[in-house]
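Student: just coords:
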């Protein structure tokens, strides 16, 4: 396995994170009291539990040098560092990749099922296809 697959996975993650945030989390249409949405709330928690995010204000100069390598900026004025799940310089096990992809697929299904925006659904479909086309074994 090469660093190329790690880069592909990180690119998918960044797009999925931004899409998930914009289509599911930001609208705040979901509540824990709504029985219909209990599954989606569970999937949001599962997805976000696998995301490492830190305020850029709390980063050291050394950590900031990793921009575009270890994290991407998001949030209002890009003040949050969201860390990529896969290191570009480490060999990954197919099992770790598969476990991560499983969580991502559930996030994609949430977008496909609960989003009212056709553009978001289409982007989710494209991400699903990119994941399906990955060769990591």
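Tutor: On my side now, so go ahead. The model shown is predicted, which means the values in this text are computed figures rather than measured ones. Numbers count the residues shown, from 1 in each chain.
Student: now do the same contact list for the residue nearest the centre of the chain.
Tutor: Centre of the chain computed as the mean C-alpha position; nearest residue by CA atoms, centre = their mean is residue 17, 3.3 Å away. Residue 17 is in contact with 51, 74, 82, counting by CB atoms under 8 Å, 6 or more residues apart in numbering. No exception for glycine: its C-beta is placed from N, CA and C like everyone else's.
Student: can you name the helix or strand that the last one falls in?
Tutor: When you say that, I think you mean residue 82. In this assignment (DSSP states H and E), residue 82 forms part of strand 80-83.
Student: strand partners (parallel or antiparallel) of that strand?
Tutor: strand 52-55 (antiparallel), strand 71-74 (antiparallel) (DSSP bridges).
Student: in JSON lines: those strands, plus distance to residue 121, mean pLDDT and mean neighbour count.
Tutor: Supplementary listing: these in JSON lines, determined by distance: least, CB to CB, whole Å; pLDDT from 0 to 100; neighbours: other CB atoms under 10 Å:
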{"stretch": "strand 52-55", "distance to residue 121": "25", "mean pLDDT": "76", "mean neighbour count": "12"}
{"stretch": "strand 71-74", "distance to residue 121": "21", "mean pLDDT": "78", "mean neighbour count": "18"}
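Student: including distance to residue 118, could those go into a markdown table?
Tutor: Shown next, in a markdown table, are the strands paired with strand 80-83 (distance: least, CB to CB, whole Å):
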| stretch | distance to residue 118 |
| --- | --- |
| strand 52-55 | 28 |
| strand 71-74 | 24 |
